[in-house]
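Participant: Next comes the sequence, and after it the predicted model I'd like to discuss.
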Amino acid sequence: MSESARTPENVLRRLEWTVIRRLDGLLHGDYRTLFRGAGLDLADLREYQYHDDVRHIDWNVTARLQVPYVREFNEEREVAAWFLLDLSPSVDFGSTLVRKKAISIDFVAVLARLLTRYGNRVGAMFYGREVDTVIPVGSSRRHVLHIMHAMATRPEVSGASPTDLGDLLRTAFQMMRRRSVVFVISDFISVPGWAEPLAHLAQRHEVVAVRLYDPLEMELPDLGLLVIQDAETGEQIFVDTHDRGFRKRFAAAAERREAELRTSLRHAGVDALELSTEDDLVDAILRFSDLRKRRSQLAAGGTIPQHLVASK
């Protein structure tokens, strides 16, 4: 899509027709699976039924009556969701016409519109070299367009300092007092130390890590002699991608980074969704929906399939 065609209004209208309408049919309106309310007021107790969330089992009553009972709550109908957006230089990368930033904008547009269509509120926090923009929560289509426009029109970040994702997470923890659904959307190319503040954030909020990546970051094709530049620091290096040994070392280093990332997300205890520049957005949202449905399996002692948790 040309830059002139990627105005926020055009992008959102296209997504409403090509993505959100498809999701309406595929999800069958089951948005409660995706976005749960934050209310915790106990309303009633009843016998456990198939498909109930096992995390709501009242074990004291179950032990007393020898029959599984679950707690029912008066949930707040309104969900407050925040998008913590890494918009550092590395997010501008894309090996084809689609950049990670464009995928981030589309994903935010779809999730924010799904939420606001049902009266929920969304807000955003932007990180470039520091947290420089906070858009308070709102619930209208115009508000979604405002977030998209702010993402699309940001000036390029200058300087030669690496991303510190921990700064974004610590700032969010300090600012967001009310329990919310939080989407951390980043390529997670950052200095170390972000896993601990992510875990702290997840103790207070319901956190989903959306990891952006481009296939070229995982494996280099044979393209001959190239000059590669680090988007974060500006450092350049001359490489020979025709060298099979170099390509193998590159792939091995990428795999080590992947393993470290998966370990950090797992230790932080957050849901994770991989989002490639080659992904179909409907498939990505459905993977997210599947992930949410399977969380109860984890609470019951099961496991979440590896293709849903921090894997490609």
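Facilitator: Arrived safely. Residues are numbered from 1 along each chain as shown.
Participant: Pretty sure Arg99 sits against Thr277.
Facilitator: Yes - Arg99 is within contact range of Thr277, at 6.8 Å (criterion: Cβ atoms under 8 Å). C-beta coordinates here come from the backbone N, C-alpha and C atoms, glycine included.
Participant: which one of these two has more residues nearby?
Facilitator: Thr277 (21 against 17; other Cβ atoms under 10 Å).
Participant: For that one, give its distance to Arg266.
Facilitator: 24 Å (Cβ to Cβ, to the nearest Å).
Participant: Check Phe107 too.
Facilitator: As judged by Cβ to Cβ, Phe107 and Arg266 stand 22 Å apart.
Participant: Tell me which of the two has more neighbours.
Facilitator: Phe107 (24 against 13).
Participant: Am I right that that one sits in a helix?
Facilitator: Yes - applying DSSP: H, G, I helix; E, B strand; the rest coil, one finds Phe107 inside a helix.
Participant: mind listing what it touches?
Facilitator: Shown in contact with Phe107 (Cβ atoms under 8 Å, 6 or more residues apart in numbering): Ile185, Val210, Leu275, Leu281, Ala284.
Participant: so is His242 in a helix, a strand, or just coil?
Facilitator: Assignment for His242 (three-state DSSP): coil.
Participant: Which parts of the chain are strands?
Facilitator: Ranges of strands within the chain are 41-47, 69-74, 80-86, 121-127, 131-138, 181-186, 206-213, 225-229, 236-240, 271-276, based on DSSP state E.
Participant: just the CA coordinates of the last one, formatted as PDB?
Facilitator: What follows is the C-alpha trace of strand 271-276 in PDB, where atoms were taken according to Å, rounded to 0.1, in the frame of the first residue of the first chain:
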ATOM      1  CA  ASP A 271       0.800 -14.300  27.500                       C
ATOM      2  CA  ALA A 272       2.900 -13.800  24.300                       C
ATOM      3  CA  LEU A 273       1.900 -13.500  20.600                       C
ATOM      4  CA  GLU A 274       4.400 -13.500  17.700                       C
ATOM      5  CA  LEU A 275       3.500 -11.100  14.900                       C
ATOM      6  CA  SER A 276       5.600 -11.200  11.700                       C
END
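Participant: pLDDT (mean, whole number) over that strand?
Facilitator: For strand 271-276, the per-residue pLDDT values average out at 90.
Participant: just stretch 128-138 next, same as before
Facilitator: pLDDT averaged over stretch 128-138 gives 93.
Participant: Ok, stretch 292-307 next?
Facilitator: Stretch 292-307 comes out at a mean pLDDT of 53.
Participant: my guess is Glu232 meets Val157, correct?
Facilitator: No - in this structure, Glu232 is not within contact of Val157 by Cβ under 8 Å, at 9.5 Å.
Participant: Show me where the stretch 201-312 of the chain dips below the pLDDT cut-off.
Facilitator: For the stretch 201-312 of the chain, the stretches flagged by pLDDT under 70 are 233-234, 294-312.
Participant: Helices of that one, residue ranges please.
Facilitator: Taking DSSP state H, counting those that start in this stretch to define them, one finds helices in the stretch 201-312 of the chain at 244-268, 281-299.
Participant: Could you export these as JSON lines, including distance to Gln174?
Facilitator: Shown next, in JSON lines, are the helices of the stretch 201-312 of the chain (distance: least, Cβ to Cβ, whole Å):
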{"stretch": "helix 244-268", "distance to Gln174": "18"}
{"stretch": "helix 281-299", "distance to Gln174": "27"}
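Participant: Kindly compare burial across the ones you listed and name the winner.
Facilitator: helix 281-299 (a mean of 16; mean count of other Cβ atoms under 10 Å).
Participant: how much space between the residue nearest the centre of the chain and Gln174?
Facilitator: By Cα atoms, centre = their mean, the mean C-alpha position of the chain lies nearest to Val210, the distance being 2.3 Å. From Val210 across to Gln174, the span is 22 Å (Cβ to Cβ).
Participant: What's opposite Val131 in the beta bridge?
Facilitator: Beta bridges link Val131 to Tyr127 when assigned by DSSP bridges.
Participant: does it really touch Thr163, like I thought?
Facilitator: No - the pair Val131 / Thr163 is not scored as a contact, 11.9 Å apart, by Cβ under 8 Å.
Participant: When the two are compared, which one has more neighbours?
Facilitator: Neighbours of Val131 and Thr163, each counted by other Cβ under 10 Å, are more numerous for Thr163; the result is 26 against 17.
Participant: outside of stretch 131-141, which residues touch it?
Facilitator: 12, 80-82, 113, 116, 119-126, 146-147, 150, 167-168, 171, 175.
Participant: Phi first, then psi, for the closest residue to Ala251 other than its chain neighbours.
Facilitator: Counting by Cβ to Cβ, 6 or more residues apart in numbering, Ala251 lies nearest to Glu219, which is 5.0 Å off, once chain neighbours are set aside. When read as degrees, to the nearest 10, the backbone of Glu219 gives phi -150, psi 130.
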